[in-house]
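>>> Starting from these lines, generate the structure:
(chains A and B)
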Amino acid sequence: MKNQIFILMMLVASVAKANDRKYYEAVGKHMQVVYTSHSIDELQGATNALDRISAAEKSKWESYYYSAFGYLMMANQEGEAARKDSFLDQALERVRQAAAVSPGNAEISALEGFVHMLRVAIDPASRGQQYSQLSMQAYGRALQQDPNNPRALALMAQMQFGTARFFGSPTTDACGMARKALDQFNAFKSETPIAPRWGKEMTEELLTSCN
Amino acid sequence: MRTLVLLLLASSSAFAQTRISGRVLDEHQKSVPGANVAIKDTYDGASTDADGNFLFITSETGSFRLVVSAVGYQTNERDLVLKGEPVTLEVELKESITELNTVVITAGSFTASDQSRRTIFKSLDIATTAGATADIAGALNTLPGTQKVGERGRLFVRGGDGSETRTFIDGMVVLDAYGPAAPNTPSRGRFLPFMFKGTSFSTGGYSAEYGQALSSALVLDSKDEDVTTRTDIGLLSVGADVAHTQAWKNGSAAAKIQYTNVRPYFGLINQEVDWITPPASLEVSAVLRQRVVDKGLFKAFVNSNQSDFALYLDEIAAPSRKQSLHLNNRYRYGNVSYAQTFRNGWFWRSGFSYNLNKSDNQLESGGMIEREAGLHLKSTVEKSVSDRLEVKAGAEIIDREYSANWVDDQLGQFDQRFREPLWAAFVEADVIASKKWVSRAGARAEYNALNGGTSLDPRFSLAYKVGEGQVSFAYGRFRQSAPNNWLRMNPQLSSERAEHWIVNYQLIRNNRTLRVELYQKHYLDLVKFATPQAVLPVTLEPVVEVLNNTGSGHARGVEFFWRDNETIRNVDYWVSYSFLDTERDYLNYPTAATPAFASRHNFSFVYKHFVSPLKTQFGFTWSFASGRPFHNPNLEGFMQAKTPSYQDLSVNISYLPTPSVIVYFSCTNVLGYDNIFGYQYAVQPDANGVYARRAIRQPAPRFVFLGVFITLSKNKSVNQLPSL
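Now for the predicted structure:
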């Protein structure tokens, strides 16, 4: 009987492992698309596939995360304000679902800040105040959860840089933060094959305006 | 045991493949691209292409659910048996009804909100409209449907008096929404725009939820909890304020103290009013917001204001004979509400508000202490029965008490008072027939314990999408208790009534808005004197038999609004025009006539330009109103004369030197027009049989305001811009 339980456990474990591999492979494939594609149709295909994975897995955050990221990219490609907003609504919904599955995750908090930041761009005059506050708050939360998260540092640096530029005030703080972000990008070690790894180029680009 | 192992192996080694293909269509048989077709609890599925077609192959076998979803549609689920044979499907998706894609009823109402994205007026607009100096009524006066009444400063809507516009905060009534002002000078709203996340200004046809308003409802929604701890300091040319906000995880508290004193300013600039001591006021307010467990929000707001001024009143016939007037006003307002959203779709909100307004007017020849206190209790429930039907119902009690104590050297002492408990209930249903067709029907029942009147007022409105624009229609019956100064003389007076019909067309495209509105309004049961008299009765005795409800009137007009935020970069402008034709036969009017506050044509042009390199926003507002009628006792007839037209050009400049500092400058009437709002005539003719007169003018040609606003917070990108 003991033996049988052992076999059963091994069997379950190997199925679980196989399941993980299947999950990583599936998410990884669509992750590539949301990282690189500039076509709304292609991105929609990837987010749909990621949503199917999320619906089947329920306890994993990455598929929600990349679906949210995909919708962010769709908002980026879209020109019309109302459609941009509706993509961002979709992104935020998935950010929330990811956070529910993985509470206290700095990557998810940073992505939430990114969604709010894109809202500002749609109508800075009337949305600037509300959404820049929400965005800074989310970055702040991300850095509390993980003070060395490169994406939280990079996005916050981006935000600070924009504000400093607008007011013609020194960009020292923003650039300092961007440098720290870059260090963290270089030191960043992925725990899983599908851990977020975007943002480095954006930071390097920001740093060229710093020098 | 062996069977279990076999079963597990079997399921992972079965290679029966099923080809699933088909098409996803909407209710109108149009293809839905980008829809997600999925086999539930598996990774398998596909997205539809531009023609709504999909195709995928799955190696699963057995019974499953097929889930088809797309943004803007209701998710469709069905059973699916996979056994290796190809499956072809046609799936029809129903459009989901959401706030974003459905028509909204717009007849009569302008909504300013940061939450909803389809509004044509934003909260920030109230703060940045030149000439408004951060007064809510001042900004709304640039919208169609309002008449410029410069010597009162209130919202006069579609031939209605200023008292016919009622202010509500979080659904609770505000009895005295305006601060005290010297005779013939404009009063300011008591509540600053930055407190509110949403403003809905309705010029007619509003929801059954709002009673006790004949012409217009100004519905203010206070902000939810603040997310940043901060301190705001304002240094103004007419005073100073300091506010602190403390935020925590699920709530926030804020307190503000403001001292306003125009004395030094009036010392510099000559005023039309003969001041002894110009107005000064001290205001303290506090708010508390707390989120409670599961989707509950508790809000509390208290406001206390103390103000005073003194001036000389002269006699028109003999300006050298002066009499002093000292006014002291005490105002308290408190509002507590709790809102709860339940999982099963119910929403419940209950609130309590308290108003106290006490004015002590002291003249050399006597004085009057006027006091009004009111309690309001209200509870509403809302429920989305389905995405096609929403219902709302509520009940409320407004119990107010009014008293006026007069002392007159010659006439003696008088005390007039009344208490008016008012019970009301309302019910309303929104029927969303489709994304193109929404209607709302409701009714409001009231019982007024003072005059014993019971009433039932129907309200109805609908919106229909036409091309890219939409047409709305609204009808409603409205009532409001007679004004306090008449009710105190005759507490038996019935409520005054109005009936509105409104048709509106609105088109929003690409940051441009076009709006045209037509309306017709009837007034019934207006307060009227039993015998027409040229002047109001001077007696202080209750004059029950002198006042009755036989007055009536009408108003009709057409209004036009155009806003463009797109054509010129960094420029936002709007134009509004209102045509008003109104007459009423009320009070001491011998015949129906256009009242003195109504102007036929009103026009506003508001322009805002943000210049990025200068970090500055420039704005101006140009307003025009045609002449207003007045009664000249030296001529035959009634209300037979007209004032000159009104013009004003106001400018404002906001400069942001650093993220946490704002420098704000504004000036009204830069061109210095000598606007005349009307004339006051002497009570008795002089020796030549002529009634002497005096023009009612602006207190000063211009009002210049300079302020510096500083925000101290850990988050450096926060400033006070939204509160200006």
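>>> Need the distance between the two termini of stretch A:94-111.
Stretch A:94-111 has an end-to-end distance of 10 Å (criterion: C-alpha to C-alpha, to the nearest Å).
>>> For it, what does the pLDDT average out to?
Averaging pLDDT along stretch A:94-111 yields 95.
>>> Can you mark which positions in it are buried?
A:94-95, A:97-99, A:101-102, A:105-111 (16 or more other C-beta atoms under 10 Å in any protein chain shown). (C-beta placed from N, C-alpha, C; glycine too.)
>>> again, but for stretch B:679-694
B:679, B:681-682, B:691-694.
>>> which of the residues you listed lies closest to chain A?
B:Tyr679 (42.9 Å; C-beta to the nearest C-beta).
>>> Alpha carbons of stretch A:193-207, in CSV - could you do that?
Output in CSV follows, covering the C-alpha atoms of stretch A:193-207 (Å, rounded to 0.1, in the frame of the first residue of the first chain):
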residue,chain,number,x,y,z
PRO,A,193,12.0,31.2,-18.0
ILE,A,194,9.0,33.5,-18.3
ALA,A,195,9.9,36.1,-15.7
PRO,A,196,9.5,39.7,-17.0
ARG,A,197,12.6,41.0,-18.6
TRP,A,198,11.5,44.0,-20.6
GLY,A,199,12.6,47.6,-19.9
LYS,A,200,16.3,47.7,-20.2
GLU,A,201,16.5,49.3,-23.7
MET,A,202,14.0,51.9,-22.6
THR,A,203,16.2,52.8,-19.6
GLU,A,204,19.4,52.9,-21.8
GLU,A,205,17.5,55.3,-24.1
LEU,A,206,16.5,57.5,-21.1
LEU,A,207,20.1,57.5,-20.0
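>>> Now do the strands in chain A.
Ranges of strands within chain A: none, based on DSSP state E.
>>> where are the low-confidence patches of it?
A:1-17, A:125-126 (pLDDT under 70).
>>> Identify the residue of it closest to chain B, quick one.
In chain A, the residue that lies nearest chain B is A:Asn48 (3.9 Å; C-beta to the nearest C-beta).
>>> what residues are up against the closest residue to that residue other than its chain neighbours?
Spatially, and ignoring its direct neighbours in sequence, A:Asn48 is nearest to B:Asn36 (3.9 Å; C-beta to C-beta, 6 or more residues apart in numbering or on different chains). Counting by C-beta atoms under 8 Å, 6 or more residues apart in numbering or on different chains, B:Asn36 touches A:48, A:51-52, B:45, B:47, B:67-70.
>>> Centre-most residue in chain A?
In chain A, the C-alpha nearest the mean C-alpha coordinate belongs to A:Leu111, at 3.9 Å (C-alpha atoms, centre = their mean).
>>> Is B:Cys109 in contact with B:Ser200, as I believe?
For the record, residue B:109 is Ser, not Cys. Yes. The pair B:Ser109 / B:Ser200 is scored as a contact, 6.0 Å apart, by C-beta atoms under 8 Å.
>>> returning to that earlier point: the residue nearest to the centre of chain A and A:Ala55, how far apart?
Distance, A:Leu111 to A:Ala55, using C-beta to C-beta, to the nearest Å: 20 Å.
>>> now swap in B:Gly211 and tell me
48 Å.
>>> out of these two, which sits in the busier spot?
Using other C-beta atoms under 10 Å in any protein chain shown as the criterion, B:Gly211 and A:Ala55 rank with B:Gly211 on top: 26 against 19.
>>> Which secondary structure state does that one sit in?
Under DSSP: H, G, I helix; E, B strand; the rest coil, B:Gly211 falls in the coil class.
>>> and it, what does it touch?
B:424, B:426, B:444, B:446, B:457, B:478-480.
>>> Give the burial count for A:Tyr24, as a bare number.
A:Tyr24 - counted by other C-beta under 10 Å - has 16 other residues nearby.
>>> typo on my end, B:Ser207
Around B:Ser207 there are 23 residues (other C-beta under 10 Å).
>>> Quick check: it vs A:Leu118, distance?
On the measure of C-beta to C-beta, B:Ser207 and A:Leu118 end up 35 Å apart.
>>> any idea where the helices of chain A begin and end?
Here chain A has its helices, by DSSP state H, at A:2-36, A:40-57, A:62-77, A:81-101, A:106-122, A:124-145, A:150-167, A:172-187, A:200-210.
>>> Deepest-packed of the ones you listed, please.
Of all those, helix A:62-77 has the most neighbours on average by mean count of other C-beta atoms under 10 Å in any protein chain shown, namely a mean of 26.
>>> And the residue in the stretch 401-550 of chain B that chain A sits nearest to, what's its pLDDT?
Ranked by C-beta to the nearest C-beta, the top residue of the stretch 401-550 of chain B for proximity to chain A is B:Asn511, at 7.8 Å. B:Asn511 is assigned 77 on the pLDDT scale.
>>> what is the residue nearest to A:Asn48 paired to in the beta sheet?
Note on B:Asn36: beta-bridge partners by DSSP bridges are B:Ser47, B:Ser69.
>>> Which pLDDT value goes with it?
Looking at B:Asn36, its pLDDT stands at 94.
>>> Same check on B:Leu587?
We have a pLDDT of 89 for B:Leu587.
>>> My guess is it contacts B:Gly551. True?
Yes. Using C-beta under 8 Å, B:Leu587 makes contact with B:Gly551 at a distance of 7.0 Å.
>>> what is in contact with the two at once?
B:526-528.
>>> For these, which single residue is the most surrounded?
Using other C-beta under 10 Å as the neighbour criterion, B:Leu526 leads the shared contacts of B:Leu587 and B:Gly551 with 23 neighbours.
>>> so who does that one touch?
Contacts for B:Leu526 (C-beta under 8 Å, 6+ apart) come out as B:496, B:549, B:551-553, B:584-587.
>>> So which of the residues you listed sit within strands?
Taking DSSP E as the definition of strands, these contribute B:496, B:549, B:551-553, B:584-585.
>>> gap between B:Phe618 and chain A?
13 Å (C-beta to the nearest C-beta, to the nearest Å).
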